[in-house]
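Engineer: pasting the structure only:
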């Protein structure tokens with residue numbers, strides 16, 4: 001008997017079993033009509049059009065099977081034909097469009113002369129391009145901030161051209177192009193990058209060479225296609241067809257819910273701004289400026305012999321560590337907040353013997369080396385000589401130097417550095433492994449690629465790669481929130497454990513039950529890894545939906561078994577069993593991507609937004625200048641007493657979200673054409689059309705809430721053991 005599963009459908013398509021493929025599709029569509037298209041793609045029934053295994057023959061067979069299904073529907077009552085046809089035509093068109101564009105890319109790529117250059121020279125030229133662009137961007141941005149007179153942390157994010165792209169967009173696109181090209185070059189080299197005759201090259205200027213410009217555009221084009229396909233596959237993006245002229249049309253793709261996609265874009269900005277603010281509160285600009293000046297005088301070595309940088313005195317690298325000290329501390333503090341006690345337990349690496357503090361020593365070393373090297377190379381860069389911007393280092397020299405400075409054993413130092421080396425078939429991406437392997441135990445060292453490392457992103461990537469579960473942090477998160485909210489006189493929290501065998505024969509345990517505004521508040525906590533791709537956003541969304549189902553089940557049990565619930569409660573509740581309208585359901589998480597959504601009657605929020613409403617309703621507009629701050633204005637989320645209506649409105653649009661939402665502008669991104677006959681493709685995006693943090697609205701804990709005041713030098717009520725001003729008082 002033919003079982004109606006997508007896995008079976010995948011097998012039938014692979015085996016080109018037309019009858020069974022059509023029969024299975026009929027059953028799946030009838031029983032799974034609403035999600036048929038989405039599940040067809042997610043299950044991999046059709047290969048990704050960007051993959052090397054995909055063929056037109058596979059798509060032709062799919063088309064034949066779909067035609068047979070339509071015939072069967074037509075021979076029946078015909079009620080399913082139109083919906084099925086509409087679904088599969090969209091899927092077929094999308095796959096064929098992306099496949100055609102990809103084949104054009106591949107054909108042009110195979111003719112590109114840059115691919116004939118020696119492998120090491122290819123990498124050196126690309127690395128040199130990245131570093132030179134960083135030099136120009138930093139120089140120009142420094143002038144802009146000096147003229148502006150203050151800094152908000154969002155200067156790099158604002159579009160500066162008619163193409164509506166920002167400096168951050170350009171630099172990030174450069175790195176994505178670089179990641180794509182290095183993978184391509186590793187693939188083209190087919191493992192033959194060892195025992196090269198030339199170990200490094202002098203004529204490595206990337207400018208004025210048409211083949212380099214072309215191959216970078218091809219990489220950008222492929223990146224657009226990969227991004228578009230990921231959003232189609234994992235987030236159910238679909239296209240609308242628009243006429244360009246009598247001979248051409250465009251397929252314009254957008255999210256099924258643009259408001260939710262917009263909130264995902266808000267999350268990216270919130271993360272960046274949070275990091276900037278935390279950094280600004282940690283850094284001593286005067287001390288850092290002194291360290292930079294000292295480094296400029298002491299970072300003296302021969303750029304003609306780049307490895308001589310390892311011969312500099314330890315105090316030179318101490319200056320580098322002073323410059324990056326605040327960035328490392330902020331990243332570590334954020335990781336402690338994200339992972340709690342797991343920070344001391346987690347171990348990664350092929351032997352599972354590298355703890356996170358040792359990984360951070362690796363970050364500290366590479367960042368300090370990047371600043372030491374860049375201080376000298378940028379000072380002597382004259383727009384002409386590119387040979388020293390991105391040096392080639394022996395991997396062994398790096399490992400020995402790291403061991404010497406860190407005091408970590410040679411073997412473990414070697415394993416730690418290996419985590420940062422981008423080799424053929426890499427563990428992660430170029431953003432996370434910035435040392436590009438060029439063969440013969442050598443790497444290309446590009447200061448900008450090292451300095452751009454998002455430490456918390458890399459840690460999160462490692463947690464995923466090494467399959468480390470952080471769900472247990474949710475219990476700690478739950479306790480932190482309970483302790484913090486207990487300081488609000490408006491929110492009454494049950495602190496006792498509520499766990500029992502429910503009517504459905506399964507145990508039930510409540511994360512948090514509270515009362516506010518005459519309603520019962522049920523909160524489910526979810527501690528999740530940060531998502532960095534459409535696929536990961538989809539995975540986190542599934543986690544959120546699971547949390548939604550959990551809190552809804554607990555609501556049902558609470559209503560049905562009210563007397564049983566009351567046995568475990570330590571706060572007063574009515575004797576009469578509540579109705580659904582008497583209960584507010586919330587899923588509260590540590591990530592920002594889903595804040596402001598409402599799923600199946602359940603509000604989704606993040607910890608910082610939720611806590612702010614009760615403990616920190618004051619909002620101050622603060623002007624941040626290099627050496628001072630000044631308060632421009634003050635407002636409050638509520639005055640007098642907070643209300644339930646106010647909370648529910650706030651959950652739909654917290655102030656941290658609404659301010660950015662107002663500044664986001666919808667734009668259309670066109671996928672460049674390789675050939676004039678290629679399909680015209682475009683997709684939806686959002687950009688900042690103004691700075692949401694100009695005279696940024698920053699919140700400060702100043703006892704402004706109505707309730708028990710926490711002194712800034714007192715212990716934080718979350719139970720971390722830190723002073724309030726260094727924990728949730730930041």
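Structural biologist: All right, it came through fine. Being a predicted model, the structure only gives us computed values, none of them experimental. Numbering: from 1, shown residues only.

Engineer: quick one: residues contacting the most centrally placed residue in the chain.
Structural biologist: With distances taken as CA atoms, centre = their mean, residue 532 lies nearest the centre of the chain, 2.7 Å away. Residues in contact with residue 532 (CB atoms under 8 Å, 6 or more residues apart in numbering) are 457, 460, 461. C-beta coordinates here come from the backbone N, C-alpha and C atoms, glycine included.

Engineer: same for whichever strand or helix holds residue 405, what does it pack against?
Structural biologist: Element membership for residue 405 (DSSP states H and E) is helix 395-406. Using 3 or more CB pairs under 8 Å, 6 or more residues apart in numbering; DSSP states H and E, the elements in contact with helix 395-406 are helix 356-380, helix 410-418, strand 435-439, strand 442-444.

Engineer: one more pass at 10 Å, please.
Structural biologist: Packing partners of helix 395-406 (3 or more CB pairs under 10 Å, 6 or more residues apart in numbering; DSSP states H and E): helix 314-339, helix 356-380, helix 410-418, strand 435-439, strand 442-444.

Engineer: report the buried residues of that helix.
Structural biologist: By neighbour count with 16 or more other CB atoms under 10 Å, helix 395-406 contains the buried residues 395, 397, 398, 399, 400, 401, 402, 403, 405, 406.

Engineer: quick one: residues in contact with it.
Structural biologist: 306-307, 309-312, 314, 317-318, 321, 358, 361-362, 364-366, 368-369, 393-394, 408-418, 420-421, 435, 437, 440-443, 445 (CB atoms under 10 Å, 6 or more residues apart in numbering).

Engineer: 6 Å instead?
Structural biologist: Residues from elsewhere that reach helix 395-406 (CB atoms under 6 Å, 6 or more residues apart in numbering): 307, 310, 317, 361, 365, 410, 413, 414, 417, 441, 443.

Engineer: is it true that the third one touches residue 368?
Structural biologist: This points to residue 317. Yes - using CB atoms under 6 Å, residue 317 makes contact with residue 368 at a distance of 5.2 Å.

Engineer: the helix holding residue 405 - what's its average pLDDT?
Structural biologist: Throughout helix 395-406, pLDDT has a mean value of 97.

Engineer: cool, and stretch 62-72?
Structural biologist: Stretch 62-72 comes out at a mean pLDDT of 94.

Engineer: and if you look at stretch 635-643?
Structural biologist: Mean predicted confidence for stretch 635-643 is 84.

Engineer: and for stretch 125-135?
Structural biologist: pLDDT averaged over stretch 125-135 gives 91.

Engineer: now that stretch, how far from the centre of its chain.
Structural biologist: Put simply, stretch 125-135 sits 24 Å off its chain's centre (CA atoms, centre = their mean, to the nearest Å).

Engineer: just to revisit the earlier point, looking at the helices and strands packed on helix 395-406, which is nearest to residue 602?
Structural biologist: Shortest distance between residue 602 and these, using CB to CB, is found for helix 314-339: 23.1 Å.

Engineer: orientation of that closest one relative to helix 395-406 in degrees?
Structural biologist: 80 degrees (axes from the mean of the first three to the mean of the last three CA atoms, to 10 degrees).

Engineer: ok, back up a step: show only the entries of the contacts of residue 532 found in helices.
Structural biologist: In this view, the contacts of residue 532 that belong to helices under DSSP state H are 457, 460, 461.

Engineer: let me see the contact set for the last one.
Structural biologist: Same thing as residue 461. Contacts for residue 461 (CB under 6 Å, 6+ apart) come out as 428, 432.

Engineer: and the pLDDT for it?
Structural biologist: pLDDT for residue 461: 91.

Engineer: now swap in residue 612 and tell me
Structural biologist: pLDDT, residue 612: 88.

Engineer: same for the helix or strand hosting it, what does it pack against?
Structural biologist: Taking DSSP H and E as the criterion, residue 612 maps to helix 607-615. Helices and strands touching helix 607-615, as assessed by 3 or more CB pairs under 6 Å, 6 or more residues apart in numbering; DSSP states H and E, are absent.

Engineer: let's see that with 10 Å instead.
Structural biologist: helix 258-282, helix 473-485, strand 583-589, strand 602-606, helix 644-652, helix 655-661.

Engineer: nearest spatial neighbour of residue 681, chain-adjacent residues omitted?
Structural biologist: residue 671 (4.2 Å; CB to CB, 6 or more residues apart in numbering).

Engineer: residue 100 is in contact with the one you found, correct?
Structural biologist: No - the criterion here is CB atoms under 10 Å, and residue 671 misses it with residue 100 at 11.4 Å.

Engineer: mutual contacts of those two, please.
Structural biologist: What both residue 671 and residue 100 touch, as defined by CB under 10 Å, 6+ apart, is the set 678, 679, 681.

Engineer: run a quick neighbour tally on the second one.
Structural biologist: By the measure other CB atoms under 10 Å, the count of residues near residue 679 is 19.

Engineer: what sits closest to it if chain neighbours are left out?
Structural biologist: What sits nearest to residue 679 in space, not counting adjacent residues and going by CB to CB, 6+ apart, is residue 97, at 4.1 Å.

Engineer: how many neighbouring residues does residue 430 have?
Structural biologist: Residue 430: 23 surrounding residues under other CB under 10 Å.

Engineer: still on that earlier bit, and for residue 317 and residue 368, which residues touch both?
Structural biologist: Common neighbours of residue 317 and residue 368 (criterion: CB under 10 Å, 6+ apart): 295, 405.
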